[in-house]
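Peer 1: sequence and predicted structure, then a few things I'm wondering about:
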Amino acid sequence: MVERFPPSEDWKAFDDSTVIHSAAFDEAADRIFVRLLRGGIVVFEGCDESNWRNFTTPGVSRGEYMTNVLERHSYRRHYGV
């Protein structure tokens, strides 16, 4: 299966994270895409608008939110993208 990633203009950069480079939300598919600083993209399934809003709220540790909340959803990792 070939994963379709959101276009570059849909990605939100996070300069305040030591883990996450940027992320995008596909509302139609209920997916959050997370580009990691160390490389690769993680795609989280079954994520709604409230997950995205909580993940992108200023002051939230995005790495902790990813570990404690998003990783409870099914997800897959893509390397070399």
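Peer 2: Received it, and whenever you're ready, just let me know what you need.

Peer 1: which residue ranges of the chain form strands?
Peer 2: 12-13, 20-26, 31-36, 41-45, 75-78 (DSSP state E).

Peer 1: what's the fourth one packed up against?
Peer 2: Read it as strand 41-45. strand 31-36, strand 75-78 (3 or more C-beta pairs under 8 Å, 6 or more residues apart in numbering; DSSP states H and E). All C-beta spots, glycine's among them, are computed from the backbone N, C-alpha and C.

Peer 1: so which elements touch the shortest one?
Peer 2: In this structure, strand 75-78 makes packing contacts with strand 41-45, judged by 3+ C-beta pairs under 8 Å, 6+ apart.

Peer 1: next, the buried residues of the strand it packs on.
Peer 2: Counting neighbours by 16 or more other C-beta atoms under 10 Å, one finds that the buried residues in strand 41-45 are Ile41, Val42, Val43, Phe44.

Peer 1: how about the first one, nearest residue that isn't a chain neighbour?
Peer 2: Beyond its immediate neighbours in the sequence, the residue positioned closest to Ile41 (C-beta to C-beta, 6 or more residues apart in numbering) is His78, lying 4.7 Å away.

Peer 1: make sure the one you found is actually in contact with Arg35.
Peer 2: No - applying C-beta atoms under 8 Å, one finds His78 not in contact with Arg35, separated by 9.7 Å.

Peer 1: what's the overlap in contacts for those two?
Peer 2: Shared contacts of His78 and Arg35, defined by C-beta atoms under 8 Å, 6 or more residues apart in numbering, comprise Ile41.

Peer 1: of these two, who's got more company?
Peer 2: Arg35 (19 against 14; other C-beta atoms under 10 Å).

Peer 1: distance of the more buried one from Thr67?
Peer 2: 16 Å (C-beta to C-beta, to the nearest Å).
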